[in-house]
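1. below are the sequence and a predicted model; questions follow.
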Amino acid sequence: MHDEGREAIESEFSCQVNQICDVRMVNCTIERKHTADAAHCDSELSLQFKLQL
């Protein structure tokens, strides 16, 4: 998967986590602890990720 796709998924995930925390009235801090280039993965898996965006 390309880095752009991964970043979009991470962003959507972070938004969902923050929404859940807001509903539950809990403080939430999401920190990126590790960054690496995207690794090549199965083309069918990559397609499934893209379809979910």
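-> Done, it's in. Numbering: from 1, shown residues only.

2. from here on, just use CA atoms for contacts and neighbour counts.
-> Fine.

3. in this structure, where is pLDDT below threshold?
-> 1-2, 38, 53 (pLDDT under 70).

4. for the residue most central in space within it, pull up the helix or strand it's in.
-> In the chain, the centroid-proximal residue (Cα atoms, centre = their mean) is residue 10; its distance is 1.9 Å. Using DSSP states H and E, the element containing residue 10 is helix 3-24.

5. how distant is the helix or strand just after that helix from the center of its chain?
-> Remark: after helix 3-24, the chain's next helix or strand is helix 43-52, criterion DSSP H and E. Relative to the centre of its chain, helix 43-52 is centred 14 Å away, using Cα atoms, centre = their mean, to the nearest Å.

6. now do helix 43-52 and helix 3-24, the angle between them.
-> 50 degrees (axes from the mean of the first three to the mean of the last three Cα atoms, to 10 degrees).

7. flag every buried residue along helix 43-52.
-> Judged by neighbour count (16 or more other Cα atoms under 10 Å), helix 43-52 contains no buried residues.

8. gap between the residue nearest to residue 5 when sequence neighbours are not counted and residue 9?
-> Ranked by Cα to Cα, 6 or more residues apart in numbering and with sequence neighbours excluded, the top spatial neighbour of residue 5 is residue 50, at 7.2 Å. Per Cα to Cα, to the nearest Å, residue 50 is found 9 Å from residue 9.

9. so how far is residue 5 from residue 16?
-> On the measure of Cα to Cα, residue 16 and residue 5 end up 17 Å apart.

10. neighbour-wise, which of these two wins?
-> For the pair residue 16 and residue 5, the greater number of neighbours falls to residue 5 (15 against 12), based on other Cα atoms under 10 Å.

11. look up phi and psi at the residue of the chain most remote from its centre.
-> The outermost residue of the chain, judged against the average C-alpha position, is residue 25 (22.3 Å), by Cα atoms, centre = their mean. When read as degrees, to the nearest 10, the backbone of residue 25 gives phi 60, psi 50.

12. for it, which residues are in contact?
-> Contacts for residue 25 (Cα atoms under 8 Å, 6 or more residues apart in numbering) come out as none.

13. swap in residue 30?
-> residue 14.
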